[in-house]
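Q: below is the sequence, then the predicted model.
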Amino acid sequence: MPAILSPVTRTERIAALNDQLRRDPASHGHALFTGGVMRLIDRDTPRRIAAVVMGQQQLLRLAAATTGFIGTQADRAERRRGAFAYLGEPLAFEIEYRDATALKPSGDPSDPKVTRRILTIMLASELPAPA
């Protein structure tokens, strides 16, 4: 039987896992970019694949470095949502906790064995309201 974590320890564990994802999404989950963000990157570096990839990498670095966490108190404690700017445009990120199939919400976001994390970087205007 897995150890039961206190609420503070559980929140700290989720925050640490979210920090890992933001620093290295390929090793700890998945990163997605919305159409609005891709148009912003394309506006800066039209149609050059290498430049677009570099723009995506820059966005991931900005998301990893952000300390501007937003949303509900739980979102901020888990470092699940954040805000930053790119090319003067306000952007945001959100981390979703999905099950192994990525089709349903995870039953335990503090357990990386049962949770697939998805980092989505979007225009601030695309960020959904907190649940």
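A: Okay, I see it. Residues are numbered from 1 along each chain as shown.
Q: lowest-pLDDT helix or strand in the protein?
A: Scoring the helices and strands of the chain by mean pLDDT, DSSP states H and E places helix 35-44 at the bottom, with a mean of 85.
Q: list the buried residues in that one.
A: Buried residues in helix 35-44, defined by neighbour count with 16 or more other Cβ atoms under 10 Å: Val37, Leu40, Ile41. Where C-beta positions appear, they are placed from N, C-alpha and C, glycine not excepted.
Q: after it comes which helix or strand?
A: helix 49-65 (DSSP states H and E).
Q: give me the next element, helix or strand, following that following helix.
A: With secondary structure assigned by DSSP H and E, helix 49-65 is succeeded by helix 73-78.
Q: just the C-alpha atoms of that following helix, please, in CSV.
A: What follows is helix 73-78, C-alpha atoms only, in CSV (Å, rounded to 0.1, in the frame of the first residue of the first chain):
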residue,chain,number,x,y,z
GLN,A,73,-4.6,29.2,-4.4
ALA,A,74,-4.2,25.5,-5.2
ASP,A,75,-3.0,26.3,-8.8
ARG,A,76,-0.3,28.7,-7.4
ALA,A,77,0.8,26.2,-4.6
GLU,A,78,1.2,23.4,-7.2
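Q: what helices or strands is it leaning on?
A: Under the contact definition 3 or more Cβ pairs under 8 Å, 6 or more residues apart in numbering; DSSP states H and E, helix 73-78 sits against helix 7-23.
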